[in-house]
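J.: the sequence and its predicted three-dimensional model are supplied below.
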Amino acid sequence: MEHKMKKSQEKKSKKKIWLWIIGSLLSLILVFAGTAYYTVHKTMNKMNTPLLEPTNTVENEQKTVIKKDPFSVLLLGVDERENDNGRSDTMIVMTVNPEKKSMKMLSIPRDTRTEIVGYDTVDKINHAYAFGGIPMAMASVENLLGIPLDYYVFVNMEGFLKMIDTLGGVTIQNDMELTYGKYHFPEGEVTLNGEEALIFTRIRYEDPRGDFGRQIRQRQVIEAILKKASSPTTLLKASDMLEVVGENVRMNFTMKELIQLQGIYKKMDSEIEQLSFEAGSGTRIDDIWYYIPNEEELQNIQTELNEHLQ
């Protein structure tokens, strides 16, 4: 029972992290809109990247958020380091039904063994991004879940955290003393620069809470970024901050759609229904560890998401 509860807390925390990421991005853009109108639009032009190739089930046609039409979003968190194509450490599918005022969220285990669409292979789903970028990641998720994906939000977390140096560092309340190599993070109030924050949000094995502890620290850092970015003195750095966002975030939402999306979200039920893979199992194939979804559970998830998208 205790193991199940911890597992549930980890999943809930991970989804909250993504809500904070998306909320932070939107808030930053809206906060700076009045003081840096030209720069905001320049940033949005960088961030807005329509898919140039059709995904598995969606034709090469941009869908527009309409108040009554359900839509879906793939959230991709990528740890993309220098000279590395990166792999999607986090893959979350969100479906939104404005008419029903409901949202569903599904975390896809990064080691899920599935067909990589367009690469003619079966592999871990998080490799799809490394093999073929966002179009291949979307196509492979569509194929796995049997639903169309209308939108994506891509965040290069390493680059995004560079914003901390632009802010002059952020301060968080660390709930546990941690050491990673030459880096030491005492319990209590800690001020982090960009490099330190990156290490702080990557620590996993040194924390007895494992990935759950890492998710807590990621949320703390993102909350600290949002808090400091909203301060009056930081508005003077708006152009520099938006430049960092523009370099490390990609999405096919337009500015108009983001604002409309915020309006839709305000009318939603406060609880987001959380879906998850729980009945699958881990196995080694050719000495590589994979997560194998339970077929019945996968079919139930496919049905539920399709019905939500009508």
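T.: That came through, no problem.
J.: going forward, measure contacts between C-alpha atoms and count neighbours the same way
T.: Fine.
J.: for Gln302, see how far away Arg214 is.
T.: Distance of Arg214 to Gln302, given as C-alpha to C-alpha, to the nearest Å: 30 Å.
J.: more neighbours: which of the two?
T.: Taking other C-alpha atoms under 10 Å, Arg214 and Gln302 do not tie; Arg214 has more neighbours (22 against 16).
J.: so the more buried one makes contact with Arg204?
T.: Yes - taking contacts as C-alpha atoms under 8 Å, Arg214 lies within contact range of Arg204: 5.8 Å.
J.: show me the beta-bridge partners of Ile285.
T.: Counting by DSSP bridges, Ile285 is bridged to Ile288.
J.: now find how far off-centre stretch 182-198 is within its chain.
T.: Its chain's C-alpha centre and that of stretch 182-198 lie 23 Å apart, by C-alpha atoms, centre = their mean, to the nearest Å.
J.: got the buried residues for it?
T.: Neighbour-count burial for stretch 182-198 flags 185, 192-194, 196-198 (criterion: 16 or more other C-alpha atoms under 10 Å).
J.: select from those residues every entry located in helices.
T.: Of the buried residues of stretch 182-198, the ones assigned to helices by DSSP state H are 194, 196-198.
J.: and those as JSON lines, adding pLDDT and distance to Val93?
T.: Below are these laid out as JSON lines (pLDDT from 0 to 100; distance: C-alpha to C-alpha, whole Å):
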{"residue": "Gly194", "pLDDT": "85", "distance to Val93": "29"}
{"residue": "Glu196", "pLDDT": "90", "distance to Val93": "30"}
{"residue": "Ala197", "pLDDT": "88", "distance to Val93": "27"}
{"residue": "Leu198", "pLDDT": "83", "distance to Val93": "25"}
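J.: between the residues you listed, which sits nearest Leu106?
T.: Leu198 (25.8 Å; C-alpha to C-alpha).
J.: give the contact list for that closest one.
T.: Listed by C-alpha atoms under 8 Å, 6 or more residues apart in numbering, the contact set of Leu198 reads 158, 161.
J.: ok, it to Val170 distance?
T.: Taken as C-alpha to C-alpha, the span from Leu198 to Val170 is 12 Å.
J.: what of Arg113?
T.: Separation of Arg113 from Val170 (C-alpha to C-alpha): 38 Å.
J.: and those two? Which one has more around it.
T.: Comparing Arg113 with Val170 by other C-alpha under 10 Å, the one with more neighbours is Val170, at 24 against 20.
J.: so the more buried one is in contact with Glu189, correct?
T.: No - with contact defined as C-alpha under 8 Å, Val170 does not reach Glu189; the gap is 10.4 Å.
J.: helices or strands up against the host helix or strand of Val221?
T.: Following DSSP states H and E, one finds Val221 within helix 211-229. On a contact count with 3 or more C-alpha pairs under 8 Å, 6 or more residues apart in numbering; DSSP states H and E, helix 211-229 meets helix 2-33, helix 163-167, strand 170-174, helix 194-202.
J.: alright, calling it a day.
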